[in-house]
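1. my questions are about this predicted structure, shown below with the sequence.
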Amino acid sequence: AVAVIISGSSIPISAAGTLSVVNPSTYIESAAFSGSKHDMLGIAQNFHLFSDGTVTLTAHTNGNIVADTLYAGSRVFGTRNVSNEISYARSVKTCNGFTNTTAPYLETLIFPGTNTYYVENDGRVSFSGGSPNVGIFYLEAATKYIDIGAEFAKLYVESKAVASHATSAGVTLNTADMNNATVTVPNNNGISYLNVTASQLMTLPGLKINGIYTANANQSLVINVDMKGLTTCSFNPQIMVYFNGDADYQKYQERTDFSNSRILFNFYDSSKADSNYTGTLTLEKSFTGCVLAPKATVTTNSNIDGNIIAHNINIKAESHRWDYMGKLDDIVAIPPKPSVSVGNYVWLDADKDGIQDAAETGISGVVLKITGPSGAAVTNVDGTVVGPVTTDASGAYSFAKLPVLTAGQTYTVTIDTTASATALA
């Protein structure tokens, strides 16, 4: 099948051939967005929309995307005037173009080689639902470029941990006048939490958030919204944010500076053992803030400035990337990925019985390599290519953190005879 490495009006189109393959180790984001991100939300904080299910766009999306399945339709996506921005989908069903159309701001889209695509006469990569206007395209390597499932396993735990906090001292919700409902946050340099039920907010016309000062680098607000008893929720209030008292109203608009994005809505379910909400959440009015609902389906019917972390995401009104740059103080223990080790000893089997007898000592300095079932190099569970190992003084060696293979598959260990020449002399 023909393919092309790069296409775009300002970048030369490569000759037909095979798309370049990109490995997880090459994951990059613009330095402007990497400095103050909190590790507990992981890779998700580098993306406007982060989904382990389906992302469907029926409106302009000014931000980047991670999805298991992407239906972009006739809409374009990507953060305007941001360079080195990456989007990733395990399956691209429809894709018709990107926001940025000139270098150096071209969007990069990474997808598996199994995806159906072809090259038009003008060199554009095409999917079944359209031909992106310009862009940079890569196929992912055998190892998943982003292990979306592993990232969501962390997010399930994080959502529960965040929901366990009590409302912080000095944080108030005033709904006495429903037309002027307000959340007030104390002027400090820490994390404030507000715990509410969905019923307290969902019918309000609007909700004003006041008290975050941009000079407080670590000031953040987390609003835990308990969705207990709801399978669907039409979340009605317009979320409005005022910084520095009432001085700075956060307008709904495209932006490249996310430094003051410090408001996170964690939609959870206190009736569930894992505290994760699994229903449908519809944001009916303009929304300012970031959404954490890793097992839910989230639909936007009006503009949103923030990022959305959810199982399925439906964008039905213009959305703007505004990554959460606030803090979270939860240290969540993430279970290690299942793995195996391969190893034992290298020795001179003098009697050739395949058993290391007492008199048959190990050989040090032997260099060993390992390959997977297909004969290719092995990537461990941390995403690192497994290199050669050398036997120790007793002849012992080990290849650790190897992925668990399916029944019938094997790893193969071989001796690098050139590198081991002295040891085997």
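-> Alright, I've got the coordinates.
2. now do residue 296 against residue 193, distance only.
-> 20 Å (Cβ to Cβ, to the nearest Å). Any C-beta I mention is one placed from the backbone N, CA and C, and that applies to glycine too.
3. no, scratch that, I was asking about residue 172
-> Distance from residue 172 to residue 193, by Cβ to Cβ: 12 Å.
4. the two: which has the busier surroundings?
-> Using other Cβ atoms under 10 Å as the criterion, residue 172 and residue 193 rank with residue 193 on top: 20 against 12.
5. name the nearest residue to that one, sequence neighbours excluded.
-> Spatial nearest neighbour of residue 193, excluding adjacent residues (Cβ to Cβ, 6 or more residues apart in numbering): residue 165 at 4.3 Å.
6. and residue 179, by the same measure?
-> residue 205 (5.7 Å).
7. residues in contact with that neighbour?
-> By Cβ atoms under 8 Å, 6 or more residues apart in numbering, the residues touching residue 205 are 178-179, 181, 236-238.
8. if we can go back for a sec, the residue nearest to residue 193 belongs to a strand?
-> No: looking at residue 165 with DSSP: H, G, I helix; E, B strand; the rest coil, it is coil, so not inside a strand.
9. ok, it to residue 229 distance?
-> 21 Å.
10. who's more crowded, those two?
-> Set residue 165 next to residue 229 and count neighbours by other Cβ under 10 Å: residue 165 wins out with 18 against 12.
11. wait, that one touches residue 224, no?
-> Yes: under the criterion of Cβ atoms under 8 Å, residue 165 makes contact with residue 224 at 7.0 Å.
12. shared neighbours, those two?
-> Here residue 165 and residue 224 share the contacting residues 193, 195, scored by Cβ under 8 Å, 6+ apart.
13. and residue 77, what does it touch?
-> 57, 60-65, 87, 98-99, 107.
14. please, where are all the helices along the stretch 51-200 of the chain?
-> Using DSSP state H, counting those that start in this stretch, the helices of the stretch 51-200 of the chain run over 148-163, 198-201.
15. coming back round to it: tell me which of the contacts of residue 77 is nearest to residue 369?
-> Using Cβ to Cβ, residue 87 is the member of these that sits closest to residue 369, with 35.6 Å.
16. which residues does the closest one bridge with?
-> On the basis of DSSP bridges, residue 87 takes part in beta bridges with residue 109.
17. with residue 56 instead?
-> residue 71, residue 314.
18. wait, it sits on residue 299?
-> No: Residue 56 lies out of contact with residue 299 (Cβ under 8 Å); the separation is 9.0 Å.
19. quick check: neighbours shared by those two?
-> With Cβ under 8 Å, 6+ apart as the test, residue 56 and residue 299 both reach 313-314.
20. mind checking which helix or strand of the protein has the lowest mean pLDDT?
-> Scoring the helices and strands of the chain by mean pLDDT, DSSP states H and E places strand 6-7 at the bottom, with a mean of 28.
21. and the residue nearest in space to the middle of the chain, helix, strand or coil?
-> For the chain, residue 44 is the residue whose C-alpha lies nearest the centre (Cα atoms, centre = their mean; 3.2 Å). Put simply, residue 44 is helix when judged by three-state DSSP.
22. now do the buried residues in stretch 225-243.
-> 225-227, 230, 233, 235-243 (16 or more other Cβ atoms under 10 Å).
23. which members of these occur in helices, if any?
-> With helices identified by DSSP state H, none of the entries of these belong to them.
24. same list, these, but as a markdown table with pLDDT please.
-> As requested, the buried residues of stretch 225-243 are exported to a markdown table (pLDDT from 0 to 100):
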| residue | pLDDT |
| --- | --- |
| 225 | 98 |
| 226 | 98 |
| 227 | 98 |
| 230 | 97 |
| 233 | 97 |
| 235 | 96 |
| 236 | 94 |
| 237 | 95 |
| 238 | 96 |
| 239 | 95 |
| 240 | 95 |
| 241 | 93 |
| 242 | 92 |
| 243 | 90 |
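25. what's the most distant pair in those?
-> Maximum distance among the buried residues of stretch 225-243 (Cβ to Cβ): 31.1 Å, for 230 and 243.
26. just to revisit the earlier point, so the residue nearest to the centre of the chain touches residue 51, yeah?
-> No: counting by Cβ under 8 Å, residue 44 does not reach residue 51; the two are 9.6 Å apart.
27. tell me, which strand in this structure spans the most residues?
-> strand 290-300 (DSSP state E).
28. does that one pack against any helices or strands, and if so which?
-> helix 148-163, strand 263-268, strand 280-283, strand 304-306, strand 308-315 (3 or more Cβ pairs under 8 Å, 6 or more residues apart in numbering; DSSP states H and E).
29. how far away from the center of its chain is it?
-> 14 Å (Cα atoms, centre = their mean, to the nearest Å).
30. same deal with stretch 302-311?
-> Worked out by Cα atoms, centre = their mean, stretch 302-311 lies 14 Å from the chain centre.
31. got the CA positions of that stretch in PDB?
-> Extracted in PDB, the C-alpha atoms of stretch 302-311 (Å, rounded to 0.1, in the frame of the first residue of the first chain):
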ATOM      1  CA  SER A 302     -22.000  24.700  24.500                       C
ATOM      2  CA  ASN A 303     -18.500  26.100  24.500                       C
ATOM      3  CA  ILE A 304     -15.900  24.700  26.900                       C
ATOM      4  CA  ASP A 305     -12.500  26.100  27.900                       C
ATOM      5  CA  GLY A 306     -10.600  23.300  29.600                       C
ATOM      6  CA  ASN A 307      -9.700  19.700  29.000                       C
ATOM      7  CA  ILE A 308     -11.900  16.600  29.200                       C
ATOM      8  CA  ILE A 309     -10.900  13.200  30.500                       C
ATOM      9  CA  ALA A 310     -13.700  10.700  29.900                       C
ATOM     10  CA  HIS A 311     -14.500   7.300  28.500                       C
END
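32. if anything else comes up later, I'll come back, but that's it for now.
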